[in-house]
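A.B. asks: predicted model and sequence follow; I will ask about them next.
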Amino acid sequence: MSRLADLIAQKPEITTVAVTDGQFGDTGKGKIVDELASGWAQFVVRANGGANAGHTIWVMGRKVVLHLIPAGILHPDVVNIIGTGVAFDPRAFSAELKALAEFGVPSTPLVSHCAKLVLPQHILMDRLREAGADGTLGTTGRGIGPCYTDHVGRCGLTVNDLSNPDELARKLRANLAEKMPFLREQDPEKIKAILGQEELGSGELFTPKPDSCFLDVDAIIAQYRQFENQITVANTDEIVRTARDEGARILLEGAQGLMLDLKHGRYPYVTCSDCTVDGLARGAGLSGEDVDLPLTIFKAPYMTCVGMGSFPTEIEDEVLAEEIRKRGNEYGATTGRPRRVGWFDLPLARYAHHCCKRRKPVVSHAIFTKLDVLTGFELIKICFEYEYEGPNYNVAGRWIRTGERLQTAIPDEFVLSQCQPIYKYFPGWKTSFSSAKTRKGLPWRLEEIIDVIAHESGFMPLAASVGPERDQTAILNELCI
């Protein structure tokens, strides 16, 4: 059992834990889920997002990258579930199963029959829009947004449709009919080039017929039907609810981060799923009240962001940013693209605390990751507040004035884009602490930074990741429940 798992096991009243992200994603949630699956969790449920997410886990020097499959899959005694809230791409799932088999992991997760089915037209539309004049969101091109859009628009398909060929064909044709106006306006050669990519079947789905939106419906059906035998479909909501009622230990695994949440993030530069604790619970078949312990993950004392949109503390010195990027291996697990790098942002952390604070438990627990990356840096900067430099701007009846100092981030893209960070400076540390087990093993200057972040943000630091391996986690405090 890992140290973190052992810490939580000391509180038998905790049966459901949710792991979320207080920043822009990519904070190391996968490692934390893997640790909690080591001796504590009986069920691990991936409850939101799709193959646009990426969790990287290091096991004895070997890297495992997951996109859809829960990070508890490396533990054979754990039931892993892909929940109702997930946008499920059977091609990506099949590729992950193959990679895991090569790694020596034969088990497969249960997949919700109500998970949203990502279709080739979703990926096609996503990539066409990103390549167009208005393609400024910086999506991963995995079709997640269009898939969720179809679900809200009541024309989407689910995993259960794979088991019913006639319904699959009917719904697929109806879904394509909805997209006819958009796809008919596109350059057929661009469509052909996108459909010619390997992950979409290397061109087997393309047809020159414009009345079919240049997509061969029969080829899509044939391609998707071949995945049916690889998927163990189940009513996972019922399984999870029953497990909860029987006192089983359930771990909810989140994707992306709060600032990418559809409701609470910096819209429109957001993902299309609910990244909050309540969103994870609903995506797993539970309610937010069922969560006994939310754990918010923060990268510190630097942070990263991918895609477009405002990032107030982004480091403008590209030499410095690239050094941190290389040290922290800050390249997307899904796309491989370099992540934007910035200093820790307390206004954003305060906003995260406001969104994450719950009646029970009273204390908001946080886990800090990547603390080891900046070892040897002479100077560490922490953003304590913003200075708003834009024109007077009304937000919900309140005027934000030019020159005003903001202690807490306002998740309005225009406001954030006009904010300049106000930093305080801290001396760095030179001592390595990769084998630290407790707070005492950390350099005192790093302890000071953690204490400042905790005091200013409202989060109590529960643990800290001091290296990529699953045993490189230091316990900082006891649980306050």
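C.D. replies: Sure, I can see it. Computed from a prediction, not measured in an experiment: that's the story for all the values here. Numbering: from 1, shown residues only.
A.B. asks: may I see the buried residues of stretch 330-346?
C.D. replies: 330-335, 339-346 (16 or more other Cβ atoms under 10 Å). Bear in mind the C-beta positions are built from the backbone N, C-alpha and C, glycine included.
A.B. asks: and those, which of them are in strands?
C.D. replies: 340-345 (DSSP state E).
A.B. asks: right, and the pair among those with maximum separation?
C.D. replies: 340 and 344 (14.1 Å; Cβ to Cβ).
A.B. asks: if we can go back for a sec, which among the ones in strands among the buried residues of stretch 330-346 gets closest to residue 481?
C.D. replies: residue 344 (26.8 Å).
A.B. asks: which one is that closest one nearest to, not counting chain neighbours?
C.D. replies: residue 301 (4.6 Å; Cβ to Cβ, 6 or more residues apart in numbering).
A.B. asks: number of nearby residues for the one you found?
C.D. replies: By the criterion of other Cβ atoms under 10 Å, residue 301 has 23 neighbours.
A.B. asks: C-alpha coordinates for stretch 163-176, CSV please?
C.D. replies: C-alpha atoms of stretch 163-176 as CSV (Å, rounded to 0.1, in the frame of the first residue of the first chain):
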residue,chain,number,x,y,z
SER,A,163,-24.7,-3.7,-29.9
ASN,A,164,-27.7,-2.8,-32.0
PRO,A,165,-26.7,-2.7,-35.7
ASP,A,166,-30.0,-1.4,-37.1
GLU,A,167,-30.2,1.4,-34.5
LEU,A,168,-26.5,2.2,-35.1
ALA,A,169,-27.1,2.7,-38.8
ARG,A,170,-30.3,4.7,-38.3
LYS,A,171,-28.8,7.0,-35.6
LEU,A,172,-25.5,7.4,-37.6
ARG,A,173,-27.4,8.6,-40.7
ALA,A,174,-29.5,11.0,-38.6
ASN,A,175,-26.3,12.3,-37.0
LEU,A,176,-24.6,12.9,-40.3
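A.B. asks: contact partners for residue 275?
C.D. replies: 20-21, 48-49, 254-258, 260-262, 264-265 (Cβ atoms under 8 Å, 6 or more residues apart in numbering).
A.B. asks: how about the helices in this structure?
C.D. replies: Remark: helices assigned in the chain by DSSP state H are 3-9, 29-36, 90-103, 120-131, 144-152, 165-184, 188-195, 217-225, 236-245, 277-284, 318-327, 346-356, 413-417, 444-457.
A.B. asks: just name the most buried of those helices.
C.D. replies: Most buried of those by mean neighbour count (mean count of other Cβ atoms under 10 Å) is helix 29-36; its value is a mean of 26.
A.B. asks: ok now it, how far from the chain's centre?
C.D. replies: On the basis of Cα atoms, centre = their mean, to the nearest Å, helix 29-36 is displaced by 13 Å from the centre of the chain it belongs to.
A.B. asks: pLDDT-wise, which helix or strand of this structure ranks last?
C.D. replies: In the chain, the helix or strand scored least confidently by mean pLDDT, DSSP states H and E is strand 55-59, which has a mean of 81.
A.B. asks: tell me the buried residues in that one?
C.D. replies: For strand 55-59, by 16+ other Cβ under 10 Å, it's 55-58.
A.B. asks: among the contacts of residue 275, which lie within strands?
C.D. replies: Going by DSSP E, the strands hold 20-21 from those.
A.B. asks: list just the nearest of the contacts of residue 275 to residue 204.
C.D. replies: Of these, the one sitting nearest to residue 204 (Cβ to Cβ) turns out to be residue 49, at 27.5 Å.
A.B. asks: what's the closest non-adjacent residue to that closest one?
C.D. replies: residue 255 (3.0 Å).
A.B. asks: and if you look at residue 117?
C.D. replies: Counting by Cβ to Cβ, 6+ apart, the residue nearest residue 117 is residue 157, at 4.2 Å.
A.B. asks: give me the neighbour count for that neighbour.
C.D. replies: Neighbour tally, residue 157, other Cβ under 10 Å: 22.
A.B. asks: what's the answer for residue 294, then?
C.D. replies: 25.
A.B. asks: contact partners of the least confident helix or strand of the chain?
C.D. replies: Outside strand 55-59, the residues touching it (Cβ under 8 Å, 6+ apart) are 29-31, 33-34, 63-67, 71, 74, 253, 333, 468-470.
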